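[1] Generate coordinates for the sequence data below:
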Amino acid sequence: MEIKVKFFASFRDKAGVPVARFCAGDVGELFKDVLCEYEGLQGEILDESESRFPLKKGVTVMVNGRNIRFLDGFSTKLNDGDSVAIFPPVGGG
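    Numbering: from 1, shown residues only. You can find the predicted model right below:
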């Protein structure tokens, strides 16, 4: 099963690639693999002090255009061909 992961803005810079491909059954498993593969993203996406929903404030993760906050979070199941987009916090005014 192949999942396409798209990195945006500063996450793209830290990963060093705009798109990567992984095999994972759910979002939690995918993040373990992504953070092992791209060490520059460690400490940027997950809030280690938060156990229920460990995304850092402002980080957005979309599965096929739907925010995982409105799905099953890190338990959201992934299927072959799914696309996961990871966006850093947006600031400005």
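[2] okay, and for the chain, where does confidence drop off?
    Low-confidence regions of the chain, defined by pLDDT under 70, span residues 50-53, 92-93.
[3] now the strands for it?
    Under the criterion DSSP state E, strands of the chain are mapped to 3-7, 19-22, 60-63, 66-67, 83-87.
[4] For those, could you give me JSON lines that also reports distance to residue 41?
    No exception for glycine: its C-beta is placed from N, CA and C like everyone else's. Compiled in JSON lines, the strands of the chain are given as follows (distance: least, C-beta to C-beta, whole Å):
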{"stretch": "strand 3-7", "distance to residue 41": "8"}
{"stretch": "strand 19-22", "distance to residue 41": "11"}
{"stretch": "strand 60-63", "distance to residue 41": "12"}
{"stretch": "strand 66-67", "distance to residue 41": "19"}
{"stretch": "strand 83-87", "distance to residue 41": "8"}
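[5] need those strands in JSON lines with distance to residue 44 and mean neighbour count, can you?
    Below are the strands of the chain laid out as JSON lines (distance: least, C-beta to C-beta, whole Å; neighbours: other C-beta atoms under 10 Å):
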{"stretch": "strand 3-7", "distance to residue 44": "11", "mean neighbour count": "20"}
{"stretch": "strand 19-22", "distance to residue 44": "15", "mean neighbour count": "14"}
{"stretch": "strand 60-63", "distance to residue 44": "13", "mean neighbour count": "19"}
{"stretch": "strand 66-67", "distance to residue 44": "18", "mean neighbour count": "12"}
{"stretch": "strand 83-87", "distance to residue 44": "10", "mean neighbour count": "19"}
